[in-house]
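In: Fold the following, please.
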Amino acid sequence: MRQLLLVAALLAAASPWGGLLAAPRSGLVPEATAARHGLTRAWFTQIQLDPSRTRVQDVVLHEGTLYVQTNRAMVHAIDAETGKTIWAKEVGRPNHPSLTPSVGDDLLGVINGSRLYVCNRYNGDLLFEIRVDGVPGAGVCLSKRRVYVPMVSGMLLAYRLEPLADPLKELGKTEKKPTPQQIVATEKDRRDNLRLGQESVPPLKCYSLGRALVQPLVTRETETDEYVAWATDQGYLYVGFVDLQEENRLAIKYRLQTAAGIVARPTYLPPNPNDPADSGIIFAASRDGYINAVRERDGKLLWRFPTGEPLIEPAEVIDERTYVTTQPGGMYCLDATTGSQVWWTPQIRQFVAASRQRIYATDLLGRILILSVETGARLDTLAAESLPIKLVNSQTDRLYLATETGLIQCLHELELSQPIRHGEARKKKAEEKPPEIQQKGIDEVKPAKKPAAPKKAAPKKKEPGEEPAAPKKGAPKKKEPGEESPAKEKPFN
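Out: Residues are numbered from 1 along each chain as shown. Sure thing, here's the model as predicted:
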């Protein structure tokens, strides 16, 4: 019997399907295996940890950097395109549990035990620490001005983060226009020397029904206000706001009630920047089997889609489509603005990543299924059972796979040497950062070309007998017959 089993194992290994049926024992996807599926391994790295007691707990992607957190309070920042470790530091106490970190424009926020830590995301320096009054229910979320902490009691706390100085703003006040090199040097200095005020200011508080056990989401940040969305186990989605003209109050703008608890983090589709009247859309997946799309501006329910099965994973938004997976297994692809079904495919447990032509998702066995973007048809299957951590990446096309013992690797399609960044058409241009920094980063900037001087328009030649143009008096436009008066915008409730 043993000889028969050995022969069967050898035949399976020699079979062309052997690489499909058996996951790599080391956890590293071989280059030859990746190539058979149209992929290449861009890099791999091993995090330094004690495998006898340390495990990888969370992996978070933000603006080209992976933040890997272990169960011993270590956070490793890794370049998402090269695999190079940028920094590694202990954030909190190793014997205290840490919740999923949040990353903002400049900051990294972590709950460790009952304390909140805010660090410089570029180098890991600790900038702010405070004891949270109560029991946190989930990881925090960050805006440019605040860190929001959900509590088991249902309360949402908002701690003010006050940067002490902004060298870029000071540079902009000079009479002489700064050069691109000066801007880059100033931005690098700003990132390396971030400082937050240490004044102890009581946090803003907002109460909600149920326990807040899901990480909140900041959706809107303008010069006048900011919105934050959070969910509770009683089936409520809340959207609160802070009026920046009156920053002593965190109020509820509206709420959505579902028939079951919400255990998936809300997701967000920003407004179309080419349409000033457009509003962002907030998506909430509930255990009652419905995916809800709410207009961010006023809380109007735009559409609800029934899946018939509990939803415990967030609805992932890629450009104009939303991908929803059910708890028993199955993925729906929906139009993000109308909620109409594009396709459905069975046996999908979780969305992983997407390129222009492919969707990557895990099945119930832990394998990675490769699907067609247009139809949802299965194109291929990649064995990945030995890689329990598969980062849900709705930002780029990269696949980030990891083991609990710290082996991390990046895969991408053979022809995609540069990452596809989803949602670029809907992302607003940052007003505070120069275009050179946005596109090239702080290490590679080329001087901007001097724009050509505009040509002066020649004066219009007066024709014989032509009357001079009447001066503009700002008189109201004459209403044409049948023309409707513009409707006045109603205030939101």
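
In: OK, contacts around the residue lying closest to Tyr207 once chain neighbours are set aside?
Out: Once flanking residues are discounted, Tyr207 sits nearest to Met155: 5.5 Å by CB to CB, 6 or more residues apart in numbering. Quick note: C-beta positions are derived from backbone N, CA and C, even for glycine. Taking CB atoms under 8 Å, 6 or more residues apart in numbering, we find Met155 in contact with Gly134, Lys205, Cys206, Tyr207, Ser208, Ala212.

In: so what pLDDT did Met155 get?
Out: pLDDT recorded at Met155 is 96.

In: now it: how far from Val392?
Out: Distance check for Met155 against Val392: by CB to CB, to the nearest Å, it reads 28 Å.

In: try Arg220
Out: Distance from Arg220 to Val392, by CB to CB: 23 Å.

In: more neighbours, the two?
Out: Taking neighbours as other CB atoms under 10 Å, Arg220 and Val392 compare with Arg220 leading, 20 against 17.

In: low pLDDT regions in the stretch 101-250 of the chain?
Out: 166-175 (pLDDT under 70).

In: right, I mislabeled it, should have said the stretch 301-450 of the chain
Out: If you take pLDDT under 70 as the line, the stretch 301-450 of the chain has these spans: 427-450.

In: ok, now with 50
Out: 429-450 (pLDDT under 50).

In: where exactly do the strands run in it?
Out: 301-306, 316-318, 321-325, 330-335, 341-346, 348-354, 358-363, 368-372, 378-382, 389-390, 399-402, 407-413 (DSSP state E, counting those that start in this stretch).

In: Strand partners (parallel or antiparallel) of the shortest one?
Out: What that stands for is strand 389-390. strand 399-402 (antiparallel) (DSSP bridges).

In: Run the chain-centre distance for the partner strand.
Out: 16 Å (CA atoms, centre = their mean, to the nearest Å).

In: same check, this time on stretch 100-113
Out: Centroid displacement of stretch 100-113 relative to its chain, using CA atoms, centre = their mean, is 13 Å.

In: ok, and what's touching it?
Out: 58, 60, 62-63, 65, 67, 69, 73, 75, 91-93, 96-99, 116-122, 124, 127, 132, 136, 138-144, 147, 149, 161, 191, 194, 215.

In: If we use 7 Å, what do you get?
Out: 58, 60, 62, 67, 69, 73, 75, 91-93, 96-99, 116-121, 136, 139-144, 147, 149, 161, 194, 215 (CB atoms under 7 Å, 6 or more residues apart in numbering).

In: swap in stretch 327-336?
Out: 269, 281, 305, 307, 309-312, 317, 320-325, 340-349, 351, 361, 364, 376.

In: Repeat that for stretch 220-229.
Out: 143-145, 148, 216-219, 237-245, 253, 266, 280, 282, 296.

In: Sort out for me which of these are in strands.
Out: Among those, the ones falling in strands (DSSP state E) are 148, 217-219, 237-243, 253, 282.

In: Which entries within the contacts of stretch 327-336 meet the buried criterion?
Out: 269, 281, 305, 307, 310-312, 317, 321-325, 343, 345, 347-349, 351, 361, 376 (16 or more other CB atoms under 10 Å).

In: just the strands in the stretch 101-250 of the chain please.
Out: Going by DSSP E, counting those that start in this stretch, the stretch 101-250 of the chain shows strands at 102-103, 107-112, 115-120, 126-131, 141-142, 146-150, 156-160, 204-206, 217-221, 225-231, 236-243, 250-257.

In: Return the most buried member of these.
Out: Most buried of these, by mean neighbour count (mean count of other CB atoms under 10 Å): strand 146-150, with a mean of 27.

In: Can you list the strands that that strand pairs with?
Out: strand 141-142 (antiparallel), strand 156-160 (antiparallel).

In: Go through those and name the closest to Ala402.
Out: strand 141-142 (22.9 Å; CB to CB).

In: Now do the closest one: everything it contacts.
Out: Ser102, Gly104, Leu107, Gly109, Tyr148, Gln215, Pro216, Leu217, Val218.

In: tell me which residues form a beta bridge with the fifth one?
Out: Counting by DSSP bridges, Tyr148 is bridged to Cys141, Ala158.

In: Tell me if I'm right that it and Leu156 touch.
Out: Yes - checked against CB atoms under 7 Å, the pair Tyr148 and Leu156 is within contact range at 6.1 Å.

In: Now for the two: what residues contact both?
Out: Residues touching both Tyr148 and Leu156 (CB under 7 Å, 6+ apart) are Pro216.

In: ok, Pro97 - contacts?
Out: Applying CB under 7 Å, 6+ apart, we find Pro97 in contact with Gly113.

In: Quick check: it vs Ser114, distance?
Out: For Pro97, the distance to Ser114 - CB to CB - is 10 Å.

In: And Lys300, its phi and psi?
Out: phi -70, psi 130 (degrees, to the nearest 10).

In: Skip the chain neighbours and tell me the closest residue to it.
Out: Counting by CB to CB, 6+ apart, the residue nearest Lys300 is Val294, at 7.0 Å.

In: who does the one you found bridge with?
Out: Here Val294, judged by DSSP bridges, has bridge partners Ile282, Leu301.

In: again with Arg421
Out: Thr396.

In: wait, doesn't it sit right on Thr396?
Out: Yes - between Arg421 and Thr396 there is a contact under CB under 7 Å: 5.7 Å.

In: Tell me which residues touch Ala165, please.
Out: The contact partners of Ala165, by CB under 7 Å, 6+ apart, come to Arg195.

In: what do you get if the cut-off is 6 Å, keeping everything else the same?
Out: For Ala165, the contact set (CB atoms under 6 Å, 6 or more residues apart in numbering) is empty.

In: Equivalent analysis for Trp87, please.
Out: Ala77, Asn123, Gly124.

In: for the second one, what are its contacts?
Out: Right, Asn123. Taking CB under 6 Å, 6+ apart as the test, what Asn123 contacts is Trp87.

In: Let the chain start at 4 from now.
Out: In the new numbering, first residue 4, that becomes Asn126.

In: how far away is it from Ser101?
Out: Taking CB to CB, one finds Asn126 at 19 Å from Ser101.

In: Check the last one too.
Out: Gly127 is 14 Å from Ser101, where distance means CB to CB.

In: Look at those two and report which has more neighbours.
Out: Taking other CB under 10 Å, Gly127 and Ser101 do not tie; Ser101 has more neighbours (24 against 18).

In: how far away is that one from Arg298?
Out: 35 Å.

In: try Gln248
Out: Distance from Gln248 to Arg298, by CB to CB: 24 Å.

In: Same check on Glu316?
Out: Taken as CB to CB, the span from Glu316 to Arg298 is 23 Å.

In: Between those two, which has more neighbouring residues?
Out: A count of neighbours by other CB under 10 Å puts Glu316 above the other of Glu316 and Arg298, at 20 against 16.

In: pretty sure that one is touching Thr328, no?
Out: Yes - with contact defined as CB atoms under 6 Å, Glu316 and Thr328 form a contacting pair (4.9 Å).

In: who touches both of those two?
Out: Joint contacts of Glu316 and Thr328 (CB under 6 Å, 6+ apart) are Gln353.

In: Surely Val152 touches Gly142?
Out: No - using CB under 6 Å, Val152 and Gly142 do not qualify as a contacting pair, with a distance of 8.9 Å.

In: Residues in contact with both of the two, list them for me.
Out: With CB under 6 Å, 6+ apart, Val152 and Gly142 have no common neighbours.

In: Report how many residues lie close to the nearest residue to Arg290 once chain neighbours are set aside.
Out: Once flanking residues are discounted, Arg290 sits nearest to Ala263: 3.8 Å by CB to CB, 6+ apart. Neighbourhood size, Ala263 [other CB under 10 Å]: 15.
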